[in-house]
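1. Predicted coordinates and the sequence they were generated for:
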Amino acid sequence: MQKVILFFILIQVSLLINGQESKDLSLTFNHIALSVKDVNVSEKFYTTVLNLKPIPLPLEAKDVKWMSLGDGKELHLLSVLKDDIKTNKAIHLAFSTANFDAFVQLLTTMNIAYSDFPGNLNKINVRPDGIQQVFFQDPDGYWIEVNSINE
C-alpha cells in the first residue's frame, strides 16, 4: 500500500514540475514612461517632430499623455513628479526612418539642434554597420536618436 501511495505522490510531483516548466515566461516590450514638466508641451513635440499619434485617455488623466509607437508599443508621458530630470546621451529613445535625409532636413527647418554621438553640432554619426544617426533632445532634455534603415 505504501508503494501505491508513493507512486501517486511521485505522479503528482511530476505533474507539478512539468506544469511549472511549461509556463512561458518570455517578455515583450510594452511601453516606456518619461517624467516630463508639461505633458502638453511634450505631446506637441512628439506629435510634431516624430509624428507619433496620441492615444485617447479619459479626461481625468490631466497629467498623463500616451503616444503610440506602433505595433502596440507606447510612450507614456507623465507630469506627476516634480523632481529634476537627469539623463545623458547613452540613455535615449531610438527610432528608424527610411527617409533619413528628409528627417534631418525637418530638424533643420524646425531649428532643432542635432549632433553626432560625440556631440558635434549638425553632424551625422555613422555606426560601424553603416547606419546613419543623429541625436537631439526633447523639451525635457531626454535624448532621442533617429537612424537610417539599412537597405
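-> Done, it's in.

2. who's in contact with Val134?
-> Residues near Val134 by C-beta atoms under 8 Å, 6 or more residues apart in numbering: Phe103, Val104, Leu107, Tyr114, Ser115, Asp116, Ile124, Asn125, Glu145, Val146, Asn147. The way it works is simple: take the backbone N, C-alpha and C, and place the C-beta from them, glycine included.

3. What's the separation between the residue nearest in space to the middle of the chain and Asn122?
-> Centroid-nearest residue in the chain: Ile32, 4.7 Å away (criterion: C-alpha atoms, centre = their mean). For Ile32, the distance to Asn122 equals 28 Å [C-beta to C-beta, to the nearest Å].

4. can you check Phe45 too?
-> In terms of C-beta to C-beta, Phe45 sits 20 Å off from Asn122.

5. higher neighbour count, the two?
-> Higher neighbour count among Phe45 and Asn122: Phe45, with 22 against 12, using other C-beta atoms under 10 Å.

6. tell me the SS of the more buried one?
-> With DSSP: H, G, I helix; E, B strand; the rest coil as the basis, the three-state label of Phe45 is helix.

7. That one reaches Pro139, doesn't it?
-> Yes - between Phe45 and Pro139 there is a contact under C-beta atoms under 8 Å: 5.4 Å.

8. Can you name the residues that contact the residue nearest to Val126 when sequence neighbours are not counted?
-> Nearest residue to Val126, sequence neighbours excluded (C-beta to C-beta, 6 or more residues apart in numbering): Gln132, at 5.6 Å. Contacts for Gln132 (C-beta under 8 Å, 6+ apart) come out as Phe100, Ile124, Asn125, Val126, Asn147, Ser148.

9. give me the low-pLDDT residue ranges for the chain?
-> 1-22, 151 (pLDDT under 70).

10. switch the cut-off to 50
-> Within the chain, the stretches with pLDDT under 50 are 1-11, 13.

11. quick one, domains of it?
-> 28-81, 88-151 (automatic domain parsing).

12. quick one: the shortest one to chain centroid distance?
-> Averaged C-alpha coordinates place domain 28-81 at 11 Å from its chain's average position (C-alpha atoms, centre = their mean, to the nearest Å).

13. Please apply the same query to stretch 99-117.
-> How far stretch 99-117 lies from its chain's middle: 20 Å, per C-alpha atoms, centre = their mean.
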